[in-house]
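**Q** Dropping a prediction and its sequence here:
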Amino acid sequence: MTATPACGGIGRWQQRADVVVIGVGVAGLTAGLAAHRAGRKVVVLAKTRHAPGTTATHYAQGGIAVVLPGTEDSVAAHVADTVAAGAGLCDEAAVTSIVADGYRAVADLVGAGAHFDTGADGHWSLTREGGHHRRRIIHAGGDATGVEVQRALDEAAGILDIRPQHTAIALLRDDEKITGVLVATPDGPGILHAPSVILATGGLGHLYRATTNPDGATGDGVALALWAGAEVADLEFIQFHPTMLFDGSAGGRRPLITEALRGEGAILRDAAGEAIMAGVHPMADLAPRDVVAAAVDARLRATGADCAYLDARRVPGLARRFPTVTAACRAAGIDPVRQPIPIVPGAHYSCGGVRTDPHGRTTLAGLFAAGEVGRTGMHGANRLASNSLLEGLVVGGRAGVAAAEHALATGPTRARADEPVAPVAVDRAALQRAMSTGASVLRDGAGLAGIAALLAGARPLPVTGRRRFESAALTAVADAVVTAAARRTESRGCHHRSDDPSNAAREVA
Ligand code: SIN
């Protein structure tokens, strides 16, 4: 029997499903649709109202990296770029499996009604981002790819039983397997009995003061998995996007300035106008994301400036090709057609997560994970740009099928949630400050120890609803991130340690 967070009046209601999906972004809806097509009773939980702007998928700009048949590109070339970006820690078999299935998954999405931008020849337009040696990124609405992906999936998911304002606060299990989910709702807590549960909760950007992630990205799935005893991996590899808009806001979600701008000729400069990436990497502004974020961070440290700049003025047809970026800049009083865009690196993506195989199966029977919350081994120490929607589509669909099969084989389960424990939490703002200082683009042992000391003071916090659950989740996940980061004393991928002697040159670059 699992210990579950204390939640006044556990199990006021009880229902049954074959497959419960937690999350409504690309991975969650793709998984839910696949399980539904397999004939299983599916319930999908959305932490907020299910509306535009609540998922990370919605905010994806650059596109989907995919190898199109009949082009000069190849699965081997995409795999090679992914593995190179992953800094030696990718699982090459997982990468190959997912990349090779990409075109089929994208074709399914098109079948569900998604439209991608085409050129004058009627073929999909392809752009480039950091770490890609080829143009292989399809996009929609210029830089509104996520909006289109989410729109198409939301429409297709009209056939699913989606429950808004349902927060999964604990996974229920017996000695061997998942048996259900404990859920907090505005009408009180209840139990969903289910043999299969799919985590598709997205990322953990709100461990930090500022992030490109939407409000609900609080590491929920990783926390649920940790509490249930499933394995997690690679959590130290939190990717900082080199270009988050520096709009002077205090924190929270800040607009992304897509890397595809650099694919179309934009250049990173410091306050003095010097090109930041010149001489740092052979791919210059299109180097893998970890390299670029570290170089921007190093330049900011060296100069003491608050922000650097992305000079996109030479990008042809900027406002038409990049309407999302243009609108975000103009809302902040910057005209990117005439002015360099002020940027800073920002917490963007968790390369690690709940350990799975390429079909989303975790180490706990009946528990699946897909999308950013999962760790298939595809990203290693640093994710290649625009591989996230790809992975969400491919692994989401596979996890839905695998979860449906597991539910059929297992049959109905009877979940019990009778051993409540109070999870612990620290103050969210204090945690975000500590993480932003001690576990950011550049870390060291002392900074990580400082966060660990803060976490040691965590106090019991009965979970009564979404907000408290998130505080407990953030605290549990921060603990796991800091432990992993402290253990990895080398610099690798997006985990840069200033106290790693082999990193000395990079630190002052
Ligand atoms: C971007 O458009 O720069 C972000 C794409 C990604 O996170 O892969």
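**A** On my side now, so go ahead. Numbering: from 1, shown residues only.
**Q** And the helices in the stretch 51-200 of the chain?
**A** 56-59, 75-85, 92-100, 102-111, 145-156 (DSSP state H, counting those that start in this stretch).
**Q** what's the angle from the second one to helix 92-100?
**A** Which is helix 75-85. 130 degrees (axes from the mean of the first three to the mean of the last three Cα atoms, to 10 degrees).
**Q** how about helix 75-85 against the ligand, any contact?
**A** No - on the criterion Cβ under 6 Å from any ligand atom, helix 75-85 is out of touch with the ligand, staying 10.6 Å away. To be clear about C-beta, it is placed using only N, CA and C from the backbone, and glycine gets the same treatment.
**Q** Can you tell me which helices and strands that helix packs against?
**A** helix 92-100 (3 or more Cβ pairs under 8 Å, 6 or more residues apart in numbering; DSSP states H and E).
**Q** The helix it packs on vs helix 102-111, what angle?
**A** Going by the same axes, to 10 degrees, helix 92-100 makes 40 degrees with helix 102-111.
**Q** Make sure residue 415 is actually in contact with residue 191.
**A** Yes - with contact defined as Cβ atoms under 8 Å, residue 415 reaches residue 191; the gap is 5.5 Å.
**Q** Need the overlap of contacts for the two.
**A** 172, 180-181 (Cβ atoms under 8 Å, 6 or more residues apart in numbering).
**Q** Now for the residues you listed, which sits with the most neighbours around it?
**A** Neighbour counts for the shared contacts of residue 415 and residue 191, by other Cβ atoms under 10 Å, peak at residue 180, which reaches 27 neighbours.
**Q** Any chance of the backbone angles for the residue nearest to that one when sequence neighbours are not counted?
**A** Take residue 180 and drop its neighbours on the chain: the residue closest to it by Cβ to Cβ, 6 or more residues apart in numbering is residue 415, 3.0 Å away. When quoted as degrees, to the nearest 10, the phi and psi of residue 415 stand at phi -90, psi 150.
**Q** likewise residue 477?
**A** According to degrees, to the nearest 10, residue 477 has phi -70, psi -40.
**Q** How about the one 10 residues further on?
**A** Dihedral pair for residue 487: phi -70, psi -30, per degrees, to the nearest 10.
**Q** Against residue 439, how distant is the residue lying closest to it once chain neighbours are set aside?
**A** Spatially, and ignoring its direct neighbours in sequence, residue 487 is nearest to residue 236 (7.7 Å; Cβ to Cβ, 6+ apart). Residue 236 sits 8 Å away from residue 439, going by Cβ to Cβ, to the nearest Å.
**Q** shared neighbours of these two, anything?
**A** Contacts common to residue 236 and residue 439, judged by Cβ under 8 Å, 6+ apart, are 481, 485.
**Q** Need the residues that contact stretch 96-116.
**A** 30, 33, 64-69, 75, 78-79, 82, 124-125, 138-140, 145, 148-149, 151-153, 155-156, 358, 376, 378, 390-391, 393-395, 397-398.
**Q** Please list only the buried members of those residues.
**A** By neighbour count, with 16 or more other Cβ atoms under 10 Å, those hold 30, 33, 64-67, 78-79, 82, 124-125, 138-140, 145, 148-149, 151-153, 156, 358, 376, 378, 390-391, 393-395, 397-398 as buried.
**Q** For the stretch 101-250 of the chain, what lies in contact range of the ligand?
**A** residue 129.
**Q** for the chain, what's the longest helix?
**A** helix 387-410 (DSSP state H).
**Q** now that one, how far from the centre of its chain.
**A** 17 Å (Cα atoms, centre = their mean, to the nearest Å).
**Q** One more: stretch 491-507?
**A** 24 Å.
**Q** Got phi/psi on the closest residue to the ligand within the stretch 401-509 of the chain?
**A** Taking Cβ to the nearest ligand atom, the ligand has its nearest neighbour within the stretch 401-509 of the chain at residue 494, 12.2 Å off. Backbone geometry at residue 494, expressed as degrees, to the nearest 10, gives phi -90, psi 10.
**Q** count of residues packed around it?
**A** Residue 494 has 28 nearby residues by other Cβ under 10 Å.
**Q** Can you classify the residue nearest to it when sequence neighbours are not counted as helix, strand or coil?
**A** Distances taken as Cβ to Cβ, 6+ apart put residue 290 closest to residue 494, at 4.1 Å, once the chain neighbours are dropped. Assigned by DSSP: H, G, I helix; E, B strand; the rest coil, the conformation of residue 290 is helix.
**Q** Identify the residues contacting the residue of the stretch 401-509 of the chain closest to the ligand.
**A** Residue 494 sits in contact with 237-240, 289-290, 293, 351, 381-382, 441, where contact means Cβ under 8 Å, 6+ apart.
**Q** and the gap between it and residue 484?
**A** The gap separating residue 494 from residue 484 is 13 Å, by Cβ to Cβ.
**Q** related to what we said a few turns ago, so of the helices of the stretch 51-200 of the chain, which one's packed in deepest?
**A** The highest average neighbour count among the helices of the stretch 51-200 of the chain, using mean count of other Cβ atoms under 10 Å, belongs to helix 56-59 at a mean of 24.
**Q** Determine the set of other helices and strands touching it.
**A** For helix 56-59, the elements it packs on are helix 145-156, judged by 3+ Cβ pairs under 8 Å, 6+ apart.
**Q** The helix it packs on to helix 387-410, inter-axis angle?
**A** Using the same axes, to 10 degrees, helix 145-156 lies at 30 degrees relative to helix 387-410.
**Q** what sits up against helix 145-156?
**A** 24-26, 29-30, 33, 50, 52, 55-64, 109, 112-116, 138-141, 324, 389.
**Q** And for stretch 320-335?
**A** 61, 141-144, 147, 245, 247-248, 255, 257-258, 260-261, 264, 312, 315, 318-319, 336-337, 341-342.
**Q** and residue 90, what does it touch?
**A** Taking Cβ under 8 Å, 6+ apart as the test, what residue 90 contacts is 82-83, 377-380.
**Q** want to throw the residues you listed into CSV with pLDDT?
**A** What follows is the contacts of residue 90, written out as CSV (pLDDT from 0 to 100):
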residue, pLDDT
82, 98
83, 98
377, 98
378, 98
379, 98
380, 98
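**Q** State the distance from residue 233 to the ligand.
**A** 20 Å (Cβ to the nearest ligand atom, to the nearest Å).
**Q** hmm, back to that, of all the contacts of residue 90, which comes closest to the ligand?
**A** residue 379 (10.3 Å).
**Q** Count the residues that sit near the closest one.
**A** Residue 379, neighbours per other Cβ under 10 Å, totals 32.
**Q** Double-check it against residue 395; I have them as touching.
**A** No - the pair residue 379 and residue 395 fails to qualify as a contact (Cβ under 8 Å) at a distance of 11.7 Å.
**Q** low pLDDT regions in this structure?
**A** Residue ranges of the chain with pLDDT under 70: 1-11, 418-421, 503-509.
**Q** which residue does it bring closest to the ligand?
**A** Residue nearest to the ligand within the chain: residue 62 (2.7 Å; Cβ to the nearest ligand atom).
**Q** need the contact list for that residue.
**A** With contact set as Cβ under 8 Å, 6+ apart, residue 62 has these partners: 127, 129, 137, 139, 143, 145, 258-260, 263, 385-386.
**Q** what's the burial count for the nearest residue to residue 448 once chain neighbours are set aside?
**A** Residue nearest to residue 448 in three dimensions, not counting chain neighbours: residue 486, with 4.5 Å by Cβ to Cβ, 6+ apart. Neighbour count for residue 486, taken as other Cβ under 10 Å: 19.
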